[in-house]
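give me the fold of what follows.
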Amino acid sequence: MSFHPPMVKNQIRSKWSQAVRKTVLDALRLVVEKTPVDTGHARMNWYPSFGQPDFAEISGTGQPNMSPPMDVASIERYEPVFLQNNVPYIGALEYGHSTQAPQGMVRLTIREMK
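Numbering: from 1, shown residues only. The predicted model follows:
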């Protein structure tokens, strides 16, 4: 059996990318499920970004894209991954403004994923 460093490196990168993608998608699914719904605008605005935060707010209501594109190059460069929501009232929802989610969404998701 021979040892091929480039092949091993590619296998490690592939496994790393798969693990990061799975973690991001699991976190996205959990936080979306916990987000209270009035119009659906807050729920629709959960999305990941890579390398740096994205400060855009998505217009509309409904369900977010639960299989967003993953920036594999950013993952493989070990860039930070942000799971974010930019609606102005997301902080109020996280800290109990809604009776649908008095314990928040993000804090519960983090506890669940530990």
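
got the phi/psi numbers for L25?
Per-residue torsions, L25: phi -70, psi -40 (degrees, to the nearest 10).

just name the shakiest helix or strand of the chain by mean pLDDT.
Lowest by mean pLDDT, DSSP states H and E among the helices and strands of the chain is helix 72-76, with a mean of 78.

what residues of it count as buried?
S74, I75 (16 or more other C-beta atoms under 10 Å). Every residue, glycine included, has its C-beta placed from N, CA and C.

and that helix, what does it pack onto?
helix 5-34 (3 or more C-beta pairs under 8 Å, 6 or more residues apart in numbering; DSSP states H and E).

beyond the helix it packs on, next helix or strand please.
Of the helices and strands lying after helix 5-34 in sequence (DSSP states H and E), the nearest is helix 41-44.

how far does that following helix sit from the chain's center?
From the chain centre to the centre of helix 41-44 is a distance of 14 Å (C-alpha atoms, centre = their mean, to the nearest Å).

residues contacting that helix, please?
Helix 41-44 has contacts (C-beta atoms under 8 Å, 6 or more residues apart in numbering) with 32, 35-37, 58, 60-64, 85, 87, 89-90, 93.

in three-state terms, how would the residue positioned nearest the centre of the chain be classified?
By C-alpha atoms, centre = their mean, the chain has its centre lying nearest to L83, at 3.6 Å. Put simply, L83 is strand when judged by DSSP: H, G, I helix; E, B strand; the rest coil.

try P48
P48 ends up strand, using three-state DSSP.
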